[in-house]
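Sequence and predicted structure are below.
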Amino acid sequence: MTKTKLDRRLFMKGAGAASFMAGAATLPSTSSVAQGMGQMHMSMAYDLNEEFNRIGSGDFKWDAIRKAARPYDVPFPMGVADMDFRTLPHVTAALQKRLNHHNWGYEAAPADYKQNIVDWNKNRYGEDVDPSTILNCIGVLDGVTSALVTYCDPGDKVILHTPNYSSFFSVIPGSLCELAESDLILGDDGTYDFDYDDTERLLKEGAKAIILCNPQNPTGNCWTADQLRRLGDLANQYNALMIADEIHCDFVNKHSKYVPYASLGDEYAMNSVITKSASKSFNLAAHRTAYMYSSNKELMARIVKEGIHHRGLMHTMGTIACNAAYKHGATYMDDMQAYIDGNSHFLEKFCDENLKLIDFKVQEGTYLAWLDCRKLAKKLGTPEGDDRVGDMMKKFFIQKAGVNINPGENYGRTGAGFMRMNLGTTHRKLHSALNAIKSATDAL
Ligand SMILES: Cc1ncc(COP(=O)(O)O)c(C=O)c1O
């Protein structure tokens, strides 16, 4: 690319951001947009303000909800946990290069695949992952399932601290285990903590494993080393396996820190299995590529032998995509964190200033916002028929604001009154969605 073209491209990106700021100033109460910007340094190498059109691609987040919600239009789908941004250009370039080789027989992952996993975790989090213990899996949930079916016997109880990611509610019975739900405790600052006494009670009753979501979907909690150690000490004491799903670890807002569970010390690393993927960070979920590891080599060997979901063979394009992401994606990820941090702060300020029925405090990690809509639920009254409170609110947001967000009950029994909003979208779209919600709630 010539220098003039490059300069023009960079100028256009800057212009995009500037016109967004200027445009936003004309929207009601959006002078606070400025506060949402620049929380962290951004390289400006990637145009995250680009309005990337996903309509018609067949994805769940956009096409499925727009079809399901007919006759209502849903210009702001903020449900399914993937992002609206163009992925890292190196990912697309690597996939395009492989496409030119017109043969699709059985194939190994790229030679440096495991090394890039090791480097990513070391460079960003100081975590030492032993490459010899890394196992491929076609999804993080498949890794969790493999660990469960290997470690647990049918009928064993598995502890899930809720609210927690909805698919764990099917993964546990899908692994022939039983759910043991333990309510998280909501603090005044909007963060949650484990109920250690309740956890110990369940362990005493014989629970065999804990599924830990770190950072937590949907609450956004980044668990501190102290919290993790306290929980881990209980797991170790009662010989229950800690299965840590750390798929959201690359999304950490400015004031927070992600502590890798396996970095707590040998005794925690030996009694745990960690599952991760580049799929959330670089929006590669459809490529079905993830990985798991543990210091406990014996357990990993058993998982290979007995974990019915575990397959060493991977999708060719998936491993190429994830490899390119980890190899070239550090700056992109830094920018993404800054961008999501901006969205999160904007949302908090917007709620404080404009949405008296919705409370929100900036989440520590993930790109998911856990909105406290209990006042709104009260105002809306009683749900019709078999609807839950969250279903009633979901309909309200779709029908009156064109916004799709997820009912809190999807994440456990304490989720009623909360809604999960996906912030993995452009500043502009978020602002427009919030303005639509403001109009809808003002009219109540
Ligand atoms: C905490 C968590 N784990 C796992 C998944 C799904 O991962 P995969 O598609 O790799 O199974 C998600 C997706 O939203 C998630 O939020």
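Great, that's in hand.

how about the residues of this structure near the ligand?
Residues of the chain found near the ligand (C-beta under 6 Å from any ligand atom) are 81, 139-141, 165, 213, 217, 245, 247-248, 277, 279, 285, 290. In short, each C-beta sits where N, CA and C put it, glycine included.

remind me which residues of this protein are low pLDDT?
1-40, 311-312 (pLDDT under 70).

let's go with 90 and repeat that
For the chain, the stretches with pLDDT under 90 are 1-47, 50-66, 69, 80, 105-108, 188-190, 254-255, 305-315.

For it, which residue gets nearest to the ligand?
Using C-beta to the nearest ligand atom, the closest approach of the chain to the ligand is made by residue 139 at 2.8 Å.

what's the nearest residue to residue 121 if we skip its chain neighbours?
Leaving aside its chain neighbours, residue 121 sits nearest to residue 127 (4.4 Å; criterion: C-beta to C-beta, 6 or more residues apart in numbering).

got a list of what the one you found touches?
121, 260, 262, 263 (C-beta atoms under 8 Å, 6 or more residues apart in numbering).

For the last one, which non-adjacent residue is spatially closest?
When the adjacent residues along the chain are set aside, residue 263 lies closest to residue 127, with 5.0 Å between them (C-beta to C-beta, 6+ apart).

Residue 274 pairs with what?
residue 244, residue 293 (DSSP bridges).

just the strands in the chain please.
For the chain, applying DSSP state E gives strands covering 76-77, 135-137, 157-162, 178-183, 185-186, 192-193, 209-213, 241-245, 272-276, 290-293, 368-372, 403-404, 406-407, 418-422.

is it possible to export the ones you listed to a markdown table including mean neighbour count and distance to residue 339?
Output for those, formatted as a markdown table (neighbours: other C-beta atoms under 10 Å; distance: least, C-beta to C-beta, whole Å):
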| stretch | mean neighbour count | distance to residue 339 |
| --- | --- | --- |
| strand 76-77 | 25 | 17 |
| strand 135-137 | 23 | 29 |
| strand 157-162 | 24 | 29 |
| strand 178-183 | 18 | 33 |
| strand 185-186 | 15 | 27 |
| strand 192-193 | 19 | 25 |
| strand 209-213 | 25 | 23 |
| strand 241-245 | 27 | 24 |
| strand 272-276 | 27 | 21 |
| strand 290-293 | 26 | 24 |
| strand 368-372 | 24 | 14 |
| strand 403-404 | 25 | 20 |
| strand 406-407 | 24 | 22 |
| strand 418-422 | 27 | 14 |
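
Of those, which is nearest residue 46?
Ranking the strands of the chain by proximity to residue 46 (C-beta to C-beta) places strand 418-422 first, at 19.4 Å.

export the strands of the chain to CSV and tack on distance to residue 307?
Below are these laid out as CSV (distance: least, C-beta to C-beta, whole Å):
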stretch, distance to residue 307
strand 76-77, 34
strand 135-137, 8
strand 157-162, 15
strand 178-183, 19
strand 185-186, 33
strand 192-193, 30
strand 209-213, 13
strand 241-245, 12
strand 272-276, 10
strand 290-293, 9
strand 368-372, 28
strand 403-404, 35
strand 406-407, 30
strand 418-422, 30
